[in-house]
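K.L.:
coordinates only, sequence not included:
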């Protein structure tokens, strides 16, 4: 039957049911077998195409594993307290408070309210960046000819704007972001940056939500990737229920600054009757 | 508390230790920030005066120049990767893009909860920003003029003794009409102000750079 009639069009559309492509959300994620290392049911399973974005609200204690499937993903990441977006990732506090410009296992992603949004549980990449943020329409126009969200070379800020809008947020709610899987190094003498690129296919990073979070992610090339072409490959997302960091955990006690950040977080949760 | 005096073409304001200041600098005009007593960090945010959603972006500024320190020639970029101001003169050679502002909240992490009653830059930014319709959403990682934040090969980063001296200055040319917010940093727990905040001077000059 053709698509000239309503019944034909309906049949044609419904014939797509069950189609599978490599980059797509898997629903229901809970039907998936938990991956190695997961402690609870899967709540988010999605493969984000290069040049695309993802977003989700995650409950406190959820673990989020991101995998650079083919070696050319770059997960640009923003975290905001769910339903309280005025508390959000503060990259400056994240590096300053922890006395380190680089991200890695054991690092905390701090909010502008002196609290922990998420902790880095595992890092199989070591190539990350907290300094350069993401790409913009203007920069991608100059570098690749276009940066619009539906172009062949979408800019990270354009995709963040869409992901934010779907959570009731505006461009003003987008602070500087982090990027995972593509790194830079700072030269000590003069502060010059060197792009270190990717650790290769299969690298994975696991984060743990320490508050209920709105997660915004754009998978686009790192803004200082020197290659003239737009290289970005699939980013796999898997999240499962787990347990937030608690007093007595080695991470809680790892540094005096981190301990006070966890204490501030616990105070908020206690005062709101959450934990 | 501030004191100001004006000539035909320029306006100079002394911003007291721990105070906030703001002004619109017109395209082509310059703003000179003078470290009157030396070793005073000046926290600095800027916005397109006609569309404050277009605001300073530390990451775009770092991307654009391929490094983390600001000095002569550095272009201060917006979140849309467009120029807001350019550093046209610099008597220090290094200014910070990474450390952001001190806040009462981050002070509880960096030093302890005993610091809660102290002044902090975010309070200055919120107070001064509110006069222009800006709120907390509009605060992002800022510039710290005269503040020295080196990064070691292993990534270790920290605020260390400043490289400025009494009377040293940085001169910025506005590339479009910009709104500037300043917190003359009140921090007393690290060397960014030599543990004793001091006044700074802000001069807006309407003459072209080449005519002075």
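P.N.:
Happy to help now that I have it. Since this is a predicted model, take the numbers as computed values, not measurements. Residues are numbered from 1 along each chain as shown, chains lettered A, B, ... in the order given.
K.L.:
When you work out contacts or count neighbours from here on, use the C-alpha atoms and nothing else.
P.N.:
Fine.
K.L.:
How far away from the center of its chain is the longest helix anywhere in chain B?
P.N.:
As far as residue count goes, and with DSSP state H defining each element, the longest helix of chain B is helix B:121-130. Averaged C-alpha coordinates place helix B:121-130 at 13 Å from its chain's average position (CA atoms, centre = their mean, to the nearest Å).
K.L.:
what do you get for stretch A:234-250?
P.N.:
13 Å.
K.L.:
What residues of that stretch count as buried?
P.N.:
Along stretch A:234-250, the positions that meet the burial threshold by neighbour count (16 or more other CA atoms under 10 Å in any protein chain shown) are A:234, A:235, A:236, A:237, A:238, A:239, A:240, A:241, A:242, A:244, A:245.
K.L.:
Endpoints of stretch B:76-84, how far apart?
P.N.:
Between the start and the finish of stretch B:76-84 there is a gap of 6 Å, counting by CA to CA, to the nearest Å.
K.L.:
What mean pLDDT does it get?
P.N.:
Per-residue confidence for stretch B:76-84 averages out to 98 on the pLDDT scale.
K.L.:
Would it count as contacting chain A?
P.N.:
Yes: contact between stretch B:76-84 and chain A, assessed by CA under 8 Å from any CA of the partner chain, occurs at B:79, B:80, B:81, B:82.
K.L.:
So which of those residues wins on neighbours?
P.N.:
Most neighbours among the residues of stretch B:76-84 next to chain A, by other CA atoms under 10 Å in any protein chain shown: residue B:79, with 27 neighbours.
K.L.:
hang on, the earlier thing: next SSE after the longest helix of chain B?
P.N.:
Sequence-wise, the next helix or strand beyond helix B:121-130 is strand B:143-145, with elements assigned using DSSP states H and E.
K.L.:
Next, work out how far apart the residue nearest the centre of chain B and chain A are.
P.N.:
For chain B, the residue sitting closest to the mean C-alpha position, by CA atoms, centre = their mean, is residue B:44 at 2.4 Å. Using CA to the nearest CA, to the nearest Å, we find residue B:44 at a distance of 14 Å from chain A.
K.L.:
Any idea what that residue is bridged to?
P.N.:
The residues listed as beta-bridge partners of residue B:44 by DSSP bridges are residue B:143, residue B:182.
K.L.:
Please report the distance of it from residue A:101.
P.N.:
As it turns out, when the distance is counted by CA to CA, residue B:44 lies 21 Å from residue A:101.
K.L.:
shaky segments in the chain?
P.N.:
You didn't pick a chain, so chain A it is. Filtered on pLDDT under 70, chain A yields no residues whatsoever.
K.L.:
please go with chain B instead
P.N.:
Residues of chain B that meet the cut-off, pLDDT under 70, sit at B:1-3, B:208, B:210-212.
K.L.:
Over to the residue in the stretch 151-275 of chain A positioned nearest to chain B: give its phi and psi.
P.N.:
Among all residues of the stretch 151-275 of chain A, residue A:192 sits closest to chain B, at 4.0 Å; criterion: CA to the nearest CA. Main-chain dihedrals, residue A:192, degrees, to the nearest 10: phi -70, psi 150.
K.L.:
Please name the spatially closest residue to it (chain neighbours excluded).
P.N.:
In space, residue A:192 comes closest to residue B:67 once its chain neighbours are excluded; the distance is 4.0 Å by CA to CA, 6 or more residues apart in numbering or on different chains.
K.L.:
List the residues that contact that neighbour.
P.N.:
Applying CA atoms under 8 Å, 6 or more residues apart in numbering or on different chains, one finds that residue B:67 lies in contact with A:186, A:190, A:191, A:192, A:193.
K.L.:
Quick one: mark the members of those residues that sit in strands.
P.N.:
In strands, judged by DSSP state E, the following of the contacts of residue B:67 are found: A:186, A:193.
K.L.:
And the strands in the chain?
P.N.:
I'll assume chain A. With DSSP E as the criterion, chain A has strands at A:42-48, A:52-58, A:63-68, A:75-81, A:108-110, A:116-123, A:128-129, A:178-180, A:183-186, A:193-197, A:203-209, A:213-219, A:235-240.
K.L.:
wrong one, I was asking about chain B
P.N.:
Going by DSSP E, chain B shows strands at B:2-6, B:10-15, B:20-25, B:30-35, B:42-48, B:51-55, B:75-77, B:83-90, B:143-145, B:168-174, B:178-184, B:200-205.
K.L.:
who does the last one touch, helix- and strand-wise?
P.N.:
Okay, so that is strand B:200-205. Strand B:200-205 sits against strand B:10-15, strand B:30-35, with contacts defined as 3 or more CA pairs under 8 Å, 6 or more residues apart in numbering or on different chains; DSSP states H and E.
K.L.:
now swap in the fourth one and tell me
P.N.:
In this structure, strand B:30-35 packs against strand B:168-174, strand B:200-205, with contacts taken as 3+ CA pairs under 8 Å, 6+ apart.
K.L.:
So for residue A:173, which of the ones you listed sits nearest?
P.N.:
Comparison of the helices and strands packed on strand B:30-35 against residue A:173 by CA to CA identifies strand B:168-174 as nearest, at 25.3 Å.
K.L.:
Can you tell me the strand partners of the closest one and which way each runs?
P.N.:
Sheet pairing of strand B:168-174 (DSSP bridges) gives strand B:30-35 (antiparallel), strand B:83-90 (antiparallel).
K.L.:
mind listing what the residue lying closest to residue A:67 once chain neighbours are set aside touches?
P.N.:
Sequence neighbours aside, residue A:204 is the residue nearest to residue A:67 in space, at 4.2 Å (criterion: CA to CA, 6+ apart). Counting by CA under 8 Å, 6+ apart, residue A:204 touches A:65, A:66, A:67, A:68, A:122, A:123, A:124, A:125.
K.L.:
Any chance of JSON lines for those residues, columns distance to residue A:146 and neighbour count?
P.N.:
Putting the contacts of residue A:204 into JSON lines (distance: CA to CA, whole Å; neighbours: other CA atoms under 10 Å in any protein chain shown) gives the following:
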{"residue": "A:65", "distance to residue A:146": "31", "neighbour count": "23"}
{"residue": "A:66", "distance to residue A:146": "27", "neighbour count": "24"}
{"residue": "A:67", "distance to residue A:146": "27", "neighbour count": "26"}
{"residue": "A:68", "distance to residue A:146": "24", "neighbour count": "27"}
{"residue": "A:122", "distance to residue A:146": "35", "neighbour count": "16"}
{"residue": "A:123", "distance to residue A:146": "33", "neighbour count": "22"}
{"residue": "A:124", "distance to residue A:146": "33", "neighbour count": "15"}
{"residue": "A:125", "distance to residue A:146": "30", "neighbour count": "22"}
